[in-house]
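Novice: sequence first, predicted model second:
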Number of protein chains: 2
Amino acid sequence: MGDDLNSLLDRLQGVTSREALQAEIARLRDHFEVEHLVYHSVSGAGEQYAALTYSQDWVSHYVSQGYARIDPVVRGCLRSFEPVDWRALDWTGRQVTGFLDEALDAGVGRQGLSVPIRGPGGQFALFSVSDRRQDVLWQAHMGRSQRDLLLAAHFVNQRALEIDGRTTLCARALSPREIDALTMLAVGMNRPQAAERLAISEHTLRVYIESARAKLGALNTTHAVASALSQGLLLP
Amino acid sequence: MGDDLNSLLDRLQGVTSREALQAEIARLRDHFEVEHLVYHSVSGAGEQYAALTYSQDWVSHYVSQGYARIDPVVRGCLRSFEPVDWRALDWTGRQVTGFLDEALDAGVGRQGLSVPIRGPGGQFALFSVSDRRQDVLWQAHMGRSQRDLLLAAHFVNQRALEIDGRTTLCARALSPREIDALTMLAVGMNRPQAAERLAISEHTLRVYIESARAKLGALNTTHAVASALSQGLLLP
DNA sequence: TGTCACCTCGCCATTTCTGGGGAGGTTGAA
DNA sequence: TTCAACCTCCCCAGAAATGGCGAGGTGACA
């Protein structure tokens, strides 16, 4: 391996711009001795943010085609907590085989390992390394690097979140009872059930829902629950 | 520090029962040289799973009182990607001060650091260490241990997920139109507005909402939107 | 001592959603 | 080809939520 990981992470925590992050991505690629290293965040309404070492052509093609929807790596990571080895994924299906061919043409390696990362408000990102080594070499290499990759993934995402300024500004915090009320609705209760569970009258419950909605600037109850969930005001 | 972290993590990856995980939690506590170490998985519906070193009395009191809803540590971690220092939280409020007093009486330390952990399907957990050191000592201790704590948090959650067999969530994926429909509702539209935006009749929209609700096993529209959001099926 | 946020309760009319039926066309995979 | 899943449209009646009008008590903070 190249430099010491700890010093790389220290450097990483100092970056404050996308360009600097991009440079650190390249350094991490060298450190992990892989051909490509990719950070890819899909938070927000379709907007994606990436810092990677693929060719620009492939990236714009990927985005314009909406490949995030069919990419087996993305789909696999969405349902996994652990890092995902690309060979363990399902690469069958017409769209998928077409995607795979294009990816290989674009220089993406056949071997790969992707770390799923999840942040507040439903943020989701991938941190992937990819290469063209043989199976055995790749397995051994990843076996040695897995824990380091987890840490790198964490800190890259942390910097990316900070650079993008994803500090959700919440006008006024909800009161405990307002949180209770929205929580009951979020788990499927109707108002009589929720009121009974909270041991208050249905009308009082309505007052909480209304005040929560006003604070959140929501247009209706469903909107209020969705906003509160997205902002991390309710337990998932 | 006690044993080498890597060997502790290796041990950890071999556990297959709650009891064994509990034993490893105690070992990790000794390794990190703290009074208490807590792994705590929570959901809005109220199910909780914990492996920790607090007294059994405090745990059952915490659960029976539904303290997960008011605990500032939980609420802070919900909105953060980075580990959260307990001193940076807001401990004011009537219920909160009462909770704090009871916690201190139960032997919970005044110092603490909690790592938020997020898994697929909206899973959310905390990995916390707590102690009664002085501020300066605590800060220095945590500064040295932070990266190790991140790794420990990851692997404890990984084992907990596997032991509980939560790998099979989300039976059937939502169709594109179902996602569209729920997304419109999540941003506050009512049915006529959403139907117009999607350029379909209101009746058709209802079909999507109904089928999405059936797939998600939701009891009403608000529940369906909340579930889909929590499971990361909608963009926030 | 006053203010302000919070918690609790009630009624009315109107709008909106929900549950139960239908029907038919398209598309992709086995 | 056949089948399943998807997309689109329609009606009706009862259930539920919403909007707007109230009221009073508590505790914290300045």
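Specialist: Received it, and whenever you're ready, just let me know what you need. Residues are numbered from 1 along each chain as shown, chains lettered A, B, ... in the order given.
Novice: test my guess that A:Gln123 contacts A:Leu161.
Specialist: Yes - at 7.2 Å, A:Gln123 and A:Leu161 qualify as touching, with contact defined as C-beta atoms under 8 Å. The C-beta positions use only the backbone N, C-alpha and C, and glycine is treated the same way.
Novice: pull up the overlap in contacts between those two.
Specialist: B:Phe81 (C-beta atoms under 8 Å, 6 or more residues apart in numbering or on different chains).
Novice: can you give me the helices for chain A?
Specialist: A:5-12, A:18-32, A:56-64, A:72-78, A:94-105, A:135-163, A:176-186, A:191-198, A:202-216, A:221-230 (DSSP state H).
Novice: can you list those helices in TSV and add mean pLDDT and distance to DNA strand C?
Specialist: As requested, the helices of chain A are exported to TSV (pLDDT from 0 to 100; distance: least, C-beta to the nearest atom of the strand, whole Å):
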stretch	mean pLDDT	distance to DNA strand C
helix A:5-12	94	39
helix A:18-32	95	34
helix A:56-64	88	19
helix A:72-78	88	13
helix A:94-105	86	5
helix A:135-163	95	27
helix A:176-186	94	4
helix A:191-198	92	7
helix A:202-216	93	3
helix A:221-230	94	8
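Novice: a markdown table for the ones you listed, including mean neighbour count?
Specialist: Below are these laid out as a markdown table (neighbours: other C-beta atoms under 10 Å in any protein chain shown):
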| stretch | mean neighbour count |
| --- | --- |
| helix A:5-12 | 16 |
| helix A:18-32 | 18 |
| helix A:56-64 | 13 |
| helix A:72-78 | 20 |
| helix A:94-105 | 13 |
| helix A:135-163 | 18 |
| helix A:176-186 | 23 |
| helix A:191-198 | 16 |
| helix A:202-216 | 18 |
| helix A:221-230 | 25 |
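Novice: any chance of those in CSV, with distance to DNA strand D too?
Specialist: Output for these, formatted as CSV (distance: least, C-beta to the nearest atom of the strand, whole Å):
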stretch, distance to DNA strand D
helix A:5-12, 40
helix A:18-32, 35
helix A:56-64, 21
helix A:72-78, 15
helix A:94-105, 14
helix A:135-163, 31
helix A:176-186, 8
helix A:191-198, 4
helix A:202-216, 6
helix A:221-230, 3
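Novice: those: which one's closest to B:Ile25?
Specialist: helix A:135-163 (19.1 Å; C-beta to C-beta).
Novice: show me what the most centrally placed residue in chain A is bridged to.
Specialist: Nearest to the mean C-alpha position of chain A, counting by C-alpha atoms, centre = their mean, stands A:Phe124 at 1.3 Å. In this entry, A:Phe124 is beta-bridged to A:Arg118, by DSSP bridges.
Novice: also the one 4 residues further on?
Specialist: Using DSSP bridges, the bridge partners assigned to A:Ser128 are A:Val38, A:Ser114.
Novice: confirm for me that it is in contact with A:Val34.
Specialist: No - if you go by C-beta under 8 Å, A:Ser128 and A:Val34 don't touch, sitting 9.4 Å apart.
Novice: any idea how far A:Arg177 lies from A:Ala218?
Specialist: Remark: distance between A:Arg177 and A:Ala218 (C-beta to C-beta, to the nearest Å) = 17 Å.
Novice: can you check A:Trp86 too?
Specialist: For A:Trp86, the distance to A:Ala218 equals 41 Å [C-beta to C-beta].
Novice: related to what we said a few turns ago, residues in contact with the residue nearest to the centre of chain A?
Specialist: The contact partners of A:Phe124, taken as C-beta under 8 Å, 6+ apart, are A:Ser41, A:Val42, A:Ser43, A:Leu78, A:Pro116, A:Ile117, A:Arg118, B:Gly232.
Novice: go again using 10 Å as the cut-off
Specialist: Listed by C-beta atoms under 10 Å, 6 or more residues apart in numbering or on different chains, the contact set of A:Phe124 reads A:40-43, A:74, A:77-78, A:116-118, A:157, B:118, B:120, B:232, B:235-236.
Novice: out of those, which are buried?
Specialist: A:40-43, A:74, A:77-78, A:116-118, A:157, B:118, B:120, B:232, B:235-236 (16 or more other C-beta atoms under 10 Å in any protein chain shown).
Novice: burial of the residue nearest to A:Gln22 when sequence neighbours are not counted, as a residue count?
Specialist: Closest residue in space to A:Gln22, ignoring its immediate chain neighbours: A:Ala51 at 4.9 Å, by C-beta to C-beta, 6 or more residues apart in numbering or on different chains. A:Ala51: 24 surrounding residues under other C-beta atoms under 10 Å in any protein chain shown.
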